[in-house]
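Colleague: this one's structure only:
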């Protein structure tokens, strides 16, 4: 797996300001904006052809842009119907294959729903399906991190403890840490220096320093209710104490990527990168 040299900042998809938007022009725009990462959004489906993936790899490497990908939203590795679970696995496999061909690093996905089942049973089902995905990818020589995401609703699989455990038990798997989702899932908690230190310490204790050297992070503002996440907001229109969060990331010497999922994707990515660079710890 490729090593990441620092904490990079980028956009969830093609920057809004991109002239004649495409993935290629989006990567070039990311560079012009002074950012150094971009997430390929396969959220409506994996519509990238292998030939285009090779062009994307060339342009990303030329501009020193680290690529990640978000697999389609239509994934539930705990679906009751086997056909739906298989389709979900295929979407993750396809996302990882295209990202690998594009020279990318890490693919993130929402693993599934509890469907009112016992969490331990759901954990076993999802772990088995992720293990299958990793085996298929390893057989094909696809070398990217597989990242179940910390999810924004208590009805979704993806608490921090579940993600640490699954990463311990399945190789090539690490968590994707969405700090806004964690804040929403826990009804407004996880919005303080102490709580973020606790999260990063748990990651390091459970998965070693490698986990902090290879973090795939999502940050945005978020609106939430007692049922968890409602929708993403721009940082400065939210209650997210994002400046304190950046300070904690610097304190723990985190490396990897921070992807802005705010509605103004590049605005908040630039805001975070500039703030991060000024922090002294």
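Modeller: Okay, I see it. Note that the structure is predicted; figures quoted are calculated from it, not measured.

Colleague: ok, now how distant is the nearest residue to residue 227 once chain neighbours are set aside from residue 36?
Modeller: Leaving out its chain neighbours, the residue that sits closest to residue 227 by Cβ to Cβ, 6 or more residues apart in numbering is residue 153, at 6.4 Å. Using the backbone N, CA and C atoms, a C-beta is placed for each residue, glycine as well. According to Cβ to Cβ, to the nearest Å, residue 153 stands 31 Å off from residue 36.

Colleague: just to revisit the earlier point, need the contact list for the residue nearest to residue 227.
Modeller: Shown in contact with residue 153 (Cβ atoms under 8 Å, 6 or more residues apart in numbering): 184-185, 227-229.

Colleague: again with residue 112
Modeller: Applying Cβ under 8 Å, 6+ apart to residue 112 gives the contacts 75-79, 88, 122, 125-126, 156-157.

Colleague: For residue 276, state which of those is nearest.
Modeller: Closest approach between those and residue 276, by Cβ to Cβ: residue 156, at 28.8 Å.

Colleague: what are the bridge partners for the closest one, then?
Modeller: Counting by DSSP bridges, residue 156 forms beta bridges with residue 113.

Colleague: tell me, how many neighbours does it end up with?
Modeller: Burial of residue 156 is recorded as 21 neighbouring residues (other Cβ atoms under 10 Å).

Colleague: The contacts of residue 153 in helices, which ones?
Modeller: Using DSSP state H, the members of the contacts of residue 153 that fall in helices are 184-185.

Colleague: I'd like to know which of the contacts of residue 153 are buried.
Modeller: Among those, the ones that count as buried by 16 or more other Cβ atoms under 10 Å are 184-185, 228-229.

Colleague: Pipe those residues into a markdown table and attach distance to residue 133 and pLDDT per row.
Modeller: Putting these into a markdown table (distance: Cβ to Cβ, whole Å; pLDDT from 0 to 100) gives the following:
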| residue | distance to residue 133 | pLDDT |
| --- | --- | --- |
| 184 | 27 | 97 |
| 185 | 24 | 96 |
| 228 | 26 | 95 |
| 229 | 25 | 95 |
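
Colleague: Return the distance of stretch 158-169 from the chain's centre.
Modeller: Stretch 158-169 sits 14 Å away from the centroid of its parent chain (Cα atoms, centre = their mean, to the nearest Å).

Colleague: So residue 104 versus residue 78, what's the distance?
Modeller: Computed as Cβ to Cβ, the residue 104 to residue 78 distance reads 26 Å.

Colleague: Repeat that for residue 128.
Modeller: Look at residue 128 and residue 78: by Cβ to Cβ, they are 10 Å apart.

Colleague: again, but for residue 86
Modeller: Distance from residue 86 to residue 78, by Cβ to Cβ: 13 Å.

Colleague: More neighbours: the two, which one.
Modeller: A count of neighbours by other Cβ under 10 Å puts residue 78 above the other of residue 86 and residue 78, at 22 against 14.

Colleague: Hmm, the more buried one is touching residue 127, no?
Modeller: No: counting by Cβ atoms under 8 Å, residue 78 does not reach residue 127; the two are 10.5 Å apart.

Colleague: which residue ranges form the helices in the stretch 1-150 of the chain?
Modeller: Secondary structure of the stretch 1-150 of the chain, counting by DSSP state H, counting those that start in this stretch: helices at 23-32, 50-62, 82-101, 119-139.

Colleague: And the third one, what's buried?
Modeller: Using 16+ other Cβ under 10 Å as the test for burial, helix 82-101 gives 84-85, 88-89, 91-101.

Colleague: tell me what it is packed against?
Modeller: helix 50-62, strand 66-70, strand 106-109, helix 119-139 (3 or more Cβ pairs under 8 Å, 6 or more residues apart in numbering; DSSP states H and E).

Colleague: for the ones you listed, which one sits closest to residue 264?
Modeller: Checked against Cβ to Cβ, the stretch from those lying closest is strand 66-70, at 17.8 Å.

Colleague: That closest one pairs with which strands?
Modeller: Strand 66-70 pairs in its sheet with strand 37-41 (parallel), strand 106-109 (parallel), by DSSP bridges.

Colleague: Can I get the ones you listed in CSV including mean pLDDT, mean neighbour count and distance to residue 190?
Modeller: CSV is the format used below for those (pLDDT from 0 to 100; neighbours: other Cβ atoms under 10 Å; distance: least, Cβ to Cβ, whole Å):
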stretch, mean pLDDT, mean neighbour count, distance to residue 190
strand 37-41, 98, 26, 22
strand 106-109, 98, 27, 19
